[in-house]
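In: model the structure of this input:
(one chain, ligands or ions: 1)
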Amino acid sequence: MSIETKTLADPSSVAAAFAADFAAWVETQGQDKITVALSGGSTPKMLFELWASEYADKIDWSRIHFFWGDERCVDPDDSESNYGVAKTLFFDKIQIAEDNVHRVHGESDPDDERLRYENEIYNHVEIDENAIPQFDLVILGMGTDGHTASIFPHQSQFLKSVQVCEVAIHPETAQKRITLTGPVLNGAKKVAFLITGEEKADVLAQVINKTGEFESFPASHIEPENLTFYVDQAAAKSL
Ligand SMILES: O=C1O[C@H](COP(=O)(O)O)[C@@H](O)[C@H](O)[C@H]1O
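Out: Below is the predicted model of the structure:
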């Protein structure tokens, strides 16, 4: 397993560093179809804006198929929709076919959608020797409670789920979400965490250094073959 931590000055430098690495990585990929799972939350917004403004013509987006590591069970035009944010800031601004964007239908019944999305993934993502879909790249964030995708500490059993997706419940708002599970996140060829903000510094240090309460944070259990943390100086404060 390879783990690398890249510490950048600020959130926009995190987005810039990841975007540059992503563009170079795409060039190294020989396959026609590259599968990428996006994260939600606030951190990737700068990345979406940068992809739209600086990389619209620099990356062959037709090779990339986008999925989501998690999605909130809301309408796609709801401000909470991870797809909605990516659409407004990114997809609406580049040339990409609808067939390349595999959104979670947050407006559907969560249990039905969990199954439909699982099938969508099985139909488009390479399957590994353990019959688990293997994304080429998964982009993740981390919450202040150590959750990643929508695997929260109170539902850490999803880290070992035999399913591709689960219906998660946000611990404070009870909002339902569809999330990829631990085996799928860990089976990805490459995982990149984008983490910014001082409020995440203590949890991040425990996750990376495997100290304190690290075992209780779902993010600590993401251990794929190739893992890179892109963090800003504020989040790296306690490393
Ligand atoms: O709820 C979520 O939170 C995490 C972290 O988000 P951030 O706003 O702190 O960047 C995110 O990775 C996840 O996709 C999202 O649904």
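
In: doesn't Ala168 fall inside a strand?
Out: Yes. Assessed with DSSP: H, G, I helix; E, B strand; the rest coil, Ala168 lies in a strand.

In: is the ligand contacted by stretch 47-55?
Out: No. Figure legend: stretch 47-55 not in contact with the ligand (CB under 6 Å from any ligand atom); closest approach 10.7 Å. (Each C-beta comes from the backbone N, C-alpha and C, glycine too.)

In: name the residues of that stretch that are buried.
Out: Applying a neighbour-count criterion of 16 or more other CB atoms under 10 Å, one finds 47-52, 55 buried in stretch 47-55.

In: in the chain, where's the longest helix?
Out: In the chain, with assignment by DSSP state H, the single longest helix is helix 11-28.

In: export that one as CSV, just CAs?
Out: As requested, the backbone C-alpha atoms of helix 11-28 are provided in CSV (Å, rounded to 0.1, in the frame of the first residue of the first chain):
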residue,chain,number,x,y,z
PRO,A,11,-8.0,25.3,-0.1
SER,A,12,-7.4,26.7,-3.6
SER,A,13,-3.9,25.3,-3.7
VAL,A,14,-5.4,21.9,-2.6
ALA,A,15,-7.8,22.0,-5.6
ALA,A,16,-5.0,23.2,-7.9
ALA,A,17,-2.6,20.5,-6.8
PHE,A,18,-5.2,17.7,-7.1
ALA,A,19,-6.4,19.0,-10.5
ALA,A,20,-2.8,19.0,-11.9
ASP,A,21,-2.2,15.5,-10.6
PHE,A,22,-5.5,14.4,-12.0
ALA,A,23,-4.8,15.7,-15.5
ALA,A,24,-1.4,14.0,-15.5
TRP,A,25,-2.9,10.7,-14.2
VAL,A,26,-5.6,10.7,-16.9
GLU,A,27,-2.8,10.8,-19.5
THR,A,28,-1.2,7.6,-18.0
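
In: so which elements touch it?
Out: With contacts taken as 3 or more CB pairs under 8 Å, 6 or more residues apart in numbering; DSSP states H and E, helix 11-28 sits against strand 2-8, helix 44-54, strand 137-140, strand 191-195, strand 226-232.

In: now do the contacts for Ala86.
Out: In this structure, Ala86 makes contact with 38, 44, 48, 66, judged by CB atoms under 8 Å, 6 or more residues apart in numbering.

In: repeat that for Ile151.
Out: 158-159, 168, 179, 181-182, 218.

In: look up how far Ala20 lies from it.
Out: Per CB to CB, to the nearest Å, Ile151 is found 29 Å from Ala20.
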